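Peer 1: Please find the sequence and the predicted model below.
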Amino acid sequence: MAKPTKHYDKWRIRWTDEAGKRHSQTFTDRKTAELALRKAELEAEERRRGLRPPELEPLTFLDASEYWRTHRALQKRSPGDDLSMLRQLEPHFGKLLLNDRAGWVIAVDQYRTQKARLNRKTVANHLTLLGCILRVAHERSARLPAADVEHLAGYWG
């Protein structure tokens, strides 16, 4: 078992995750570093043995919209509508994490306010596409709970 090492005025820990990737982190005191090291090594071992699901990188709306653009929008008879709406949606929602439920509620409210000058039907079309993209992201990944998709769909529908 590895131990924390002194690194200037801090304590550094190093461990290898389940995929063999090396990590390091520093702490101000040795006790906290020891606890964090034990926790990281235990989590990695549990993932190696299949006792814990693998840690997934958080997905953003931009990731989901890129999938939509390449796999769904271009298969439509007139993909221009979706691509036009994506140009409106991506700057506003692009960096928002898919599993950030509270962030989505706030972002949708802000989007509605920002787009108030547009026809209500236009904004509804934008938000409908947003909901479709989130549903597809949920189907493709377990990173967005179904309850969140349904909650958000009801929120802007």
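Peer 2: Arrived safely. Residues are numbered from 1 along each chain as shown.

Peer 1: List the buried residues of stretch 85-95.
Peer 2: Going by neighbour count (16 or more other C-beta atoms under 10 Å), the buried part of stretch 85-95 is 85-86, 88-89, 92-93. Any C-beta I mention is one placed from the backbone N, CA and C, and that applies to glycine too.

Peer 1: Okay, and which of the residues you listed map to helices?
Peer 2: 85-86, 88-89, 92-93 (DSSP state H).

Peer 1: Any chance of CSV for the buried residues of stretch 85-95, columns pLDDT?
Peer 2: CSV is the format used below for these (pLDDT from 0 to 100):
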residue, pLDDT
85, 93
86, 93
88, 94
89, 95
92, 94
93, 94
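
Peer 1: ok, so of the residues you listed, who is nearest residue 118?
Peer 2: The shortest approach to residue 118 among these belongs to residue 88, at 9.1 Å (C-beta to C-beta).

Peer 1: wait, what's in contact with that closest one?
Peer 2: With contact taken as C-beta atoms under 8 Å, 6 or more residues apart in numbering, residue 88 is in contact with 115, 126.

Peer 1: Now the spatially most central residue of the chain. Nearest residue, chain neighbours left out?
Peer 2: With distances taken as C-alpha atoms, centre = their mean, the residue of the chain nearest its centroid is residue 59 (2.8 Å). Of all residues not flanking residue 59 in the chain, residue 98 sits nearest, at 4.7 Å (C-beta to C-beta, 6 or more residues apart in numbering).

Peer 1: quick one: the helices in the protein?
Peer 2: Secondary structure of the chain (DSSP H): helices located at 30-49, 61-71, 80-93, 101-114, 120-140, 146-156.

Peer 1: if I look at the residue nearest to the centre of the chain, how far off is residue 74?
Peer 2: For residue 59, the distance to residue 74 equals 20 Å [C-beta to C-beta, to the nearest Å].

Peer 1: Then residue 2?
Peer 2: Between residue 2 and residue 74 the computed distance is 49 Å (C-beta to C-beta).

Peer 1: On the strand side of things, show who residue 23 bridges to.
Peer 2: residue 15 (DSSP bridges).

Peer 1: Alright, calling it a day.
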